[in-house]
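Trainee: Kindly return the folded structure for what I paste below:
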Amino acid sequence: DVQLQASGGGLAQTGGSLRLSCEASGIDSDDYVIAWFRQAPGNKREGVSCINRRDGIPLYADSVKGRFTISRDNAKNTLYLQMNSLKPEDTAVYYCAAGSALSEQPKGYGYWGQGTQVTVSS
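Mentor: I've put the predicted structure just below:
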């Protein structure tokens, strides 16, 4: 079974930084897409960034381009999300997810981590 364990959330001030980690187990194929989503209270879950495990080409939502960086360490089966220049609107529960194909929609991913809270104070 594929299991994802997210960590690294917390409280940051506007303009600050946080780094999220997502440790994956049970993923043996390089064809998996690993992604970060977030969900703020009252909002739909939205895609933040994703990366193909094979080619490592990242994609970002417009709202985080230039501020967030996704990376992965295949040897450690760990995905990272470096979040810089944080804004209050980045406040949300962040989830890592894994799927067999690239998708901007949560339903495209069959495996989810438990979520980690990120709170950005103004």
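
Trainee: three-state assignment of the residue nearest the centre of the chain?
Mentor: The centre of the chain sits closest to Trp36, judged by C-alpha atoms, centre = their mean, with a distance of 2.2 Å. Following DSSP: H, G, I helix; E, B strand; the rest coil, we place Trp36 in the strand state.

Trainee: For the closest residue to it other than its chain neighbours, which three-state class applies?
Mentor: In this structure, Trp36 finds its nearest non-sequential neighbour in Val48, 4.3 Å apart by C-beta to C-beta, 6 or more residues apart in numbering. Heads up, the C-betas are built off the backbone N, CA and C, glycines and all. For Val48, the assignment made with three-state DSSP gives strand.

Trainee: Touching, the residue nearest to the centre of the chain and Arg72? I think so.
Mentor: No. Counting by C-beta atoms under 8 Å, Trp36 does not reach Arg72; the two are 11.1 Å apart.

Trainee: what sits in contact with each of the two?
Mentor: Leu79 (C-beta atoms under 8 Å, 6 or more residues apart in numbering).

Trainee: which sections of this structure are below the confidence cut-off?
Mentor: 28-30 (pLDDT under 70).

Trainee: Just to confirm, what's the three-state secondary structure of the nearest residue to Gly47 once chain neighbours are set aside?
Mentor: Once flanking residues are discounted, Gly47 sits nearest to Glu104: 4.9 Å by C-beta to C-beta, 6+ apart. Classification of Glu104 using three-state DSSP returns coil.

Trainee: ditto for Leu11
Mentor: Taking three-state DSSP as the rule, one finds Leu11 in the strand state.

Trainee: Next, the nearest residue to it once chain neighbours are set aside: phi, psi?
Mentor: Leaving aside its sequence neighbours, Leu11 sits nearest to Thr119 (C-beta to C-beta, 6+ apart; 4.9 Å). Thr119 adopts backbone torsions of phi -130, psi 130, taken as degrees, to the nearest 10.

Trainee: tally of neighbours for Thr119?
Mentor: Neighbour count for Thr119, taken as other C-beta atoms under 10 Å: 15.

Trainee: For Ala24, see how far away it is.
Mentor: Per C-beta to C-beta, to the nearest Å, Thr119 is found 25 Å from Ala24.
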